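>>> mind folding the following:
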Amino acid sequence: MDYFNRMCMNIDSNETLVPNDEVQEYHNEEKPTFVLENPPEWKMEDNCCKCGKTFIKFLQPRHHCRSCGNSFCSNCITKKQVLPQFGYFDQVPVCDDCFIIPNSMPVLKKPYTLSVEQYKAVYELQKLDKKGDYINLISRLRVLVTEDIHILSHSWVKYWVGKRWRNFFIVEACKITSAIKVASKREKLGFVKLDIKDERPVARRISEYFFKDVGQNEWIYADVPLNGFNQEHDPYIKSPRFRRNVKKLPPPQIPNSFENTDLVFCPGLFNGLLPVRAFEQVFPVLEQEFKGLHIYRVDSHPLRGCEENMADFERLFTYGEGRDAIGNLNGNSHLKDVIAIGYSKGMPDLMTYMANYPEKTKKIKAIFSYAGAVGGSYLADNINNIVDSVVDENKADKYFDKIITTMCPFVDLDKLSEKIGSNYSRLDDLESSPSSAINSLTTENRAKFIRDHKQYFESEAWNDIPIFTITGSVTPKDVPYFQESSTRTLEKYDKNNDMQLITEQAQFPCDMNIHLGYMNAHHWDLAFQPFPKAFLSTKLKHPFPKLAAANAMWLLCAELGLAT
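I've put the predicted structure just below:
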């Protein structure tokens, strides 16, 4: 009996029973044992290690990272992860520095280093910022970017570029009546929302509603009238009082016309199959606002993998065949220098083409990862196995509705298309199973792609291109009812997710990546106009001001000298 207890209770025993043997024999053999590490002691600091907020019992409680033991406020510790080495087999809070993404991207070497002169130049920019001499700051930074694009990898320059883009966004959004209405305070009475007295200036409403975390207080730098740019006077708005003099940022310092640079949009999954196209009503307005600007869309196949879709990029970049700003087919495009926007799967599609044909993409001067699936998505990991079980490669178009149902369980696009209308014209071009598109978005596939093309992503050809990243951040109550479970699934990894991707998956792991902001919008809201009411969800009205975001992207490139 004692021996039995020792065998069952002592995890370090190196003696094992031989199964299926009437006579019990004991064999001495080495067995690997799983030994838990001692978890770090929780540090009882008085302030948050990241933002410096003072902890207040109940009002601002202290939270600890289970991996390092440091103290954080609730806004600064948003990620969760399993830590089996410490005995945490369920999701537990971890800080940004300790969070590790499974199938993570490889560590890439940068082929450049900033010189002492560049660091001195950035120091001079900081002094101009403190003085409020923004005109000279903008002019000097444009010169530095022209001399060496890698100046954008400096941390302070990233800070300024992000601040400038958010400033453009606030100013542009204050021109949109629908955005102001959404951002204004409203009181819910049953199923009806009533407007109430909102004493905040319009710029403050926009920044506090559409930005998460960074950017919410930057309305003070926006040169916007209290009532916005609308003629209607709001008598309830009160003029804010500041403890110090705040100098407004100047209007965009850009050229009058753009004859040398085009904008290329790389659409995502299900391109052309949904009732509306991404930026459908935005891009035509953008072409009118900026003289000489031409916008082209890559006519990406909606259901093929990234490698197969290289043919669509080849048609645009080599033969000029794609779609125009509205979405109509266009075969007479003559691309000049390019600013590219990669939305959702469009970003890995673009990266795949660039890695395989670097000589044909030298015209690309900057990339916007607009909720781009750079690192794939955990949802694709879950969906991939399901899709493989329902898809017949010989009859892929008949199983398309099943794939849609897997991703949007309560939406039947096949039936809705009879009433709404959709573009199914390219399903005849489907050479492989639609599952290849989903497989291209798995985290394992995206990490493998970076590893396989590591030489290119460490080369100057890639690192000479700045990547501006814009991500969404929502909660389950902010998304359509059929996407709530997806959002909760992603919250296990990061609370900052847009119902399809977490923040880390939208950013490329290099110093030339610049995160511009967390937006209060889900994945579809960032790019699509309102979906038809037939979808039966109030979360598909998509109030996010996409025109303001697109304008801000182009204004930023123009001011930095990347678009001319």
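
>>> and the helices in the stretch 101-250 of the chain, which stretches?
For the stretch 101-250 of the chain, the helices defined by DSSP state H, counting those that start in this stretch cover 116-131, 134-147, 155-173, 177-183, 202-210.

>>> tell me the most buried of those helices?
Counting by mean count of other Cβ atoms under 10 Å, helix 202-210 has the highest mean neighbour count of the helices of the stretch 101-250 of the chain, with a mean of 24. Glycine gets a C-beta too; all of them are placed from N, C-alpha and C.

>>> which strands or helices does it pack on?
Judged by 3 or more Cβ pairs under 8 Å, 6 or more residues apart in numbering; DSSP states H and E, helix 202-210 is in contact with helix 155-173, helix 177-183.

>>> now the shortest one, how far from the centre of its chain.
From the chain centre to the centre of helix 177-183 is a distance of 23 Å (Cα atoms, centre = their mean, to the nearest Å).

>>> do the first one as well
Helix 155-173 sits 16 Å away from the centroid of its parent chain (Cα atoms, centre = their mean).

>>> okay, angle between it and helix 134-147 too, please.
120 degrees (axes from the mean of the first three to the mean of the last three Cα atoms, to 10 degrees).

>>> now helix 155-173 against helix 116-131, angle please.
Using the same axes, to 10 degrees: helix 155-173 against helix 116-131 is 40 degrees.

>>> helix 155-173 packs against which elements?
Counting contacts by 3+ Cβ pairs under 8 Å, 6+ apart, helix 155-173 is packed against helix 116-131, helix 134-147, helix 177-183, helix 202-210, strand 513-519, helix 546-560.

>>> in TSV: these, plus mean pLDDT.
Formatted as TSV, these follow (pLDDT from 0 to 100):
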stretch	mean pLDDT
helix 116-131	96
helix 134-147	97
helix 177-183	91
helix 202-210	94
strand 513-519	94
helix 546-560	98
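
>>> so what's the residue count around Pro251?
Other residues within reach of Pro251, judged by other Cβ atoms under 10 Å, total 11.

>>> pretty sure it sits against Asp223.
Yes: contact criterion Cβ atoms under 8 Å: Pro251 and Asp223 qualify, at 7.0 Å.

>>> shared neighbours of these two, which are they?
Contact with both Pro251 and Asp223 is made by residues Val171, according to Cβ atoms under 8 Å, 6 or more residues apart in numbering.

>>> distance between the ends of stretch 259-276?
The straight-line separation of the ends of stretch 259-276 (Cα to Cα, to the nearest Å) is 29 Å.

>>> list the buried residues of that stretch.
Neighbour counts over stretch 259-276 (16 or more other Cβ atoms under 10 Å) mark 261-276 as buried.

>>> mind picking the two most distant members of the residues you listed?
Farthest-apart pair in the buried residues of stretch 259-276 is Thr261 and Pro275; separation 31.3 Å (Cβ to Cβ).

>>> so Pro252 sits in a helix?
No: counting by DSSP: H, G, I helix; E, B strand; the rest coil, Pro252 is not found in a helix; it is coil.

>>> need the three-state assignment for Met351.
helix.

>>> apologies, that question was intended for Gly342.
Under three-state DSSP, the three-state class of Gly342 is strand.

>>> ok so, going back, can I get the helices and strands packed on helix 155-173 in a markdown table with distance to Ile364?
Shown next, in a markdown table, are these (distance: least, Cβ to Cβ, whole Å):
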| stretch | distance to Ile364 |
| --- | --- |
| helix 116-131 | 23 |
| helix 134-147 | 16 |
| helix 177-183 | 30 |
| helix 202-210 | 28 |
| strand 513-519 | 15 |
| helix 546-560 | 12 |
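
>>> between those, which gets nearest to His64?
strand 513-519 (23.4 Å).

>>> what lines up beside the closest one in the sheet?
As defined by DSSP bridges, the strand partners of strand 513-519 come to strand 211-212 (antiparallel), strand 467-472 (parallel).

>>> list the buried residues for it?
Result for strand 513-519 [16+ other Cβ under 10 Å]: buried residues 513-519.

>>> which single one of these is nearest to Ala371?
Of those, the one sitting nearest to Ala371 (Cβ to Cβ) turns out to be Met519, at 8.8 Å.

>>> neighbours of the closest residue to the closest one other than its chain neighbours, how many?
The shortest distance from Met519 to any non-neighbouring residue, by Cβ to Cβ, 6 or more residues apart in numbering, is to Gly472 (5.2 Å). Neighbourhood size, Gly472 [other Cβ under 10 Å]: 29.

>>> which pLDDT value goes with Ile386?
If you check Ile386, the pLDDT there is 52.

>>> show the contacting residues for Val474.
Taking Cβ under 8 Å, 6+ apart, we find Val474 in contact with 487, 497-499, 520-522.

>>> ok, Leu125 - contacts?
Counted by Cβ under 8 Å, 6+ apart, Leu125 has contacts 137, 140-141, 144, 156-157, 160.

>>> for Gly375, which non-adjacent residue is spatially closest?
Spatially, and ignoring its direct neighbours in sequence, Gly375 is nearest to Gln505 (3.8 Å; Cβ to Cβ, 6+ apart).

>>> meant to ask about Asn356
Among residues not flanking Asn356 along the chain, Met310 sits closest, at 6.3 Å (Cβ to Cβ, 6+ apart).

>>> so for the one you found, what's the pLDDT?
pLDDT for Met310: 96.
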